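# Got a predicted structure here, sequence first:
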Amino acid sequence: MRDDLKKIWGALILGAVTLLARADTLVSTNGERFIGTVIAETSSNVVFESEMAGRLVFPQEKISDLNRTPGLQATNLASASIVTTNMSTNAISWKPPGVGTDGADWVQLKSGEWLRGLIKYIQNKEVEFDSDELEQQTLKLKDVRNLYTAHRMFTRFDYGLPLYGKVVISNDVVTVDAQPPVNRSRDDLIGITHGGGQTGLRNWSGDFSLGMNLQSGNNEQTTVTTSAELARRTPSTTLLFDYLGNYSQVNNVQSANNDRVNISFDVRLNHDWFVRPVQFEYYHDSLANISYRLTDGVSAGYYIFDRTGLEWTVSAGPGYQLTRFATVEPGQSDTATTPAGVFNSNFKQDITKRLTFIQNWQSTFTDEKSGAYTHHAVTTLEFEIKRHLNLDVSFIWDYLQNPEAKSGGEVPQNSDYYLTVGFGVRF
C-alpha cells in the first residue's frame with residue numbers, strides 16, 4: 001500500500017512538473033518571441049495562447065519559427081527537473097538577432113518572451129511600450145528582465161540631473177551610454193522618456209472612457225458619463241489634462257449635468273517628494289447652482305508608497321477660487337471669491353494582474369460664501385479586458401457643505417452620487 005501511494009504521489013508531482021515545463025515557442029518575422037501554447041493551426045493562421053499577451057492569431061506568413069515542446073518522457077522526478085531547468089535557461093538566454101541593430105526598442109520579460117517596438121516612457125514602475133504585434137502595452141517594470149533602446153533617451157535617477165544616451169536594463173542594473181557612461185540600480189530609476197523637455201507626439205499618452213444607459217417604456221432615462229485623460233511625460237515631469245462629465249435625464253427632467261476639467265503639472269524632485277507649480281480646476285454643475293467655479297493653486301506632494309503595483313501620493317497647498325452662481329436670491333451677489341486650501345490623495349493598487357483599484361480624493365477649503373468646503377471622490381475598479389481595452393466601474397461622490405440658494409429660495413442638496421459602468425481605451 002505504501003509503495004502504491006508513493007507511485008501515485010510521484011505521478012501527480014511528475015504531471016505537475018510536466019505541465020510547467022511544457023511550453024510552445026512562436027517567433028514572428030520581425031523577431032518578437034512568444035511563449036505559451038498552440039491552440040489551433042490551419043493553413044492560413046495559428047491561434048496561440050501567450051503567457052503574457054493572452055490569445056493571439058498569427059497569419060502563417062508572419063511566423064518565422066514555431067516550436068512545439070514534445071511531451072516529457074521522463075521516468076522519474078529528477079530527470080523531469082533537469083528538463084525544466086534546461087528549458088528555462090534556454091528561454092532566458094535566447095536573444096533576437098535584431099537587438100541593437102534594427103533601429104527598434106526591445107523588451108524581454110521574465111517569462112522569456114521578447115517584444116519589439118517603441119518605448120513610449122518608463123515612469124511610476126511601469127513601462128509603456130508600443131509593440132509591433134500587440135500594439136500598446138503597459139508592462140510592470142518588475143516583470144522586465146532586459147530592455148534595450150535603439151536611440152538615445154532622457155533618463156533620470158534619484159538625486160541627479162537627466163542623462164541623455166542609449167539605455168540598457170539588465171536584471172537590476174540600468175546602464176546609460178552617456179558621457180561618461182553611468183550604471184545605477186533600477187531601484188534608483190525615476191523615469192525614461194524620449195523627450196527631456198522637447199516636443200513630440202511620442203511623449204503623449206492617454207485614455208478615454210464612455211458609459212451610457214438608455215431606458216424607455218414607463219420611464220425614459222438617458223445617462224452618459226465621459227472621462228478622458230491626456231498626459232505628457234518627461235523623466236521627472238508629468239503634465240496632465242483630465243476631464244469628467246456626467247449627464248442624466250429622467251422623463252425629460254435633468255437629474256445630473258456637470259463637467260470637471262483639471263490641469264496639473266508635477267515635477268518629481270526625488271523618490272519621495274514632488275512639487276505641483278500648476279494646479280487648475282474648472283467645474284460646472286447647473287443643478288448645484290454653479291455656473292462655473294475656477295480654482296487655481298500650487299502644492300507640494302509626497303509618495304507614501306511608490307512600488308510596483310502600489311502607489312499612493314498626497315499633496316496640499318494654497319490656492320484661490322472664483323465662483324459664479326447660476327441664480328441667486330434678490331440682493332445677493334452672484335459671484336464669490338476666496339482664498340482656498342487644496343488637498344489631494346491619489347491611491348492605486350493592483351489587486352490581480354488585470355484588476356486595479358483606484359481611489360482619487362480632492363478636498364477644497366474656502367470661506368462660507370463659497371461653500372466652506374467641498375469633497376470630490378472617485379473610486380474605480382478597472383478591469384483589463386484585452387490589451388488597451390478596459391471595463392471601468394466607478395462610484396463618484398461630490399459634496400458641498402453650504403450650497404448657494406437659488407433665486408426662488410431653493411437650496412441644492414449637499415451630496416451627489418453617481419455609479420457608472422463604461423469601457424475605456426488607452427492610447
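Looks like it arrived, so ask away. Residues are numbered from 1 along each chain as shown.

# contacts, neighbours, all on C-alpha from now
Will do.

# looking at it, Leu240 is touching Ala228, isn't it?
No. Taking contacts as C-alpha atoms under 8 Å, Leu240 lies outside contact range of Ala228: 10.6 Å.

# Over to the nearest residue to Gly103 once chain neighbours are set aside. Which of the three states is it?
Spatial nearest neighbour of Gly103, excluding adjacent residues (C-alpha to C-alpha, 6 or more residues apart in numbering): Ala150 at 5.2 Å. Secondary structure assignment for Ala150 (DSSP: H, G, I helix; E, B strand; the rest coil): coil.

# and Ala150, backbone torsions?
Dihedral pair for Ala150: phi -80, psi -30, per degrees, to the nearest 10.

# what's the burial count for it?
Residues lying near Ala150 (other C-alpha atoms under 10 Å) number 20.

# and if you look at Gly31?
By other C-alpha under 10 Å, the residues close to Gly31 number 21.

# ditto for Thr226
Neighbourhood size, Thr226 [other C-alpha under 10 Å]: 19.

# contacting residues for it?
Applying C-alpha atoms under 8 Å, 6 or more residues apart in numbering to Thr226 gives the contacts 208-211, 243-246.

# What strands flank the single longest strand found in the chain, and is each parallel or antiparallel?
For the chain, the longest strand by residue count, based on DSSP state E, is strand 290-307. Here strand 290-307 is paired, per DSSP bridges, with strand 273-285 (antiparallel), strand 310-325 (antiparallel).

# What residues of it count as buried?
Neighbour-count burial for strand 290-307 flags 290-303, 305-307 (criterion: 16 or more other C-alpha atoms under 10 Å).

# tell me the average confidence for stretch 220-233?
On average, the pLDDT along stretch 220-233 is 90.

# Ok, stretch 191-204 next?
Throughout stretch 191-204, pLDDT has a mean value of 67.

# Beta-bridge partners for Gln279, please?
Assigned bridge partners for Gln279, using DSSP bridges, are Ser264, Gly297.

# What of Gly211?
Here Gly211, judged by DSSP bridges, has bridge partners Thr225.

# That one - how many residues pack around it?
Gly211: 18 neighbours (other C-alpha under 10 Å).

# Was I right to think it contacts Phe423?
Yes. With contact defined as C-alpha under 8 Å, Gly211 counts as touching Phe423 (6.5 Å).

# Kindly export stretch 296-314 (C-alpha atoms) in PDB.
C-alpha atoms of stretch 296-314 as PDB (Å, rounded to 0.1, in the frame of the first residue of the first chain):
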ATOM      1  CA  ASP A 296      -6.100  77.800  -9.100                       C
ATOM      2  CA  GLY A 297      -3.200  76.800  -6.700                       C
ATOM      3  CA  VAL A 298       0.200  75.300  -6.000                       C
ATOM      4  CA  SER A 299       1.100  72.400  -3.800                       C
ATOM      5  CA  ALA A 300       3.800  70.100  -2.600                       C
ATOM      6  CA  GLY A 301       3.400  66.300  -2.600                       C
ATOM      7  CA  TYR A 302       4.800  63.100  -1.000                       C
ATOM      8  CA  TYR A 303       4.900  59.500  -2.200                       C
ATOM      9  CA  ILE A 304       3.600  57.400   0.700                       C
ATOM     10  CA  PHE A 305       4.000  54.200  -1.400                       C
ATOM     11  CA  ASP A 306       5.900  54.000  -4.700                       C
ATOM     12  CA  ARG A 307       6.400  50.500  -5.700                       C
ATOM     13  CA  THR A 308       5.200  48.100  -8.500                       C
ATOM     14  CA  GLY A 309       1.500  47.500  -8.100                       C
ATOM     15  CA  LEU A 310       1.100  50.000  -5.300                       C
ATOM     16  CA  GLU A 311       1.200  53.800  -5.500                       C
ATOM     17  CA  TRP A 312      -0.200  56.400  -3.100                       C
ATOM     18  CA  THR A 313       0.600  60.200  -3.300                       C
ATOM     19  CA  VAL A 314      -0.700  63.000  -1.200                       C
END
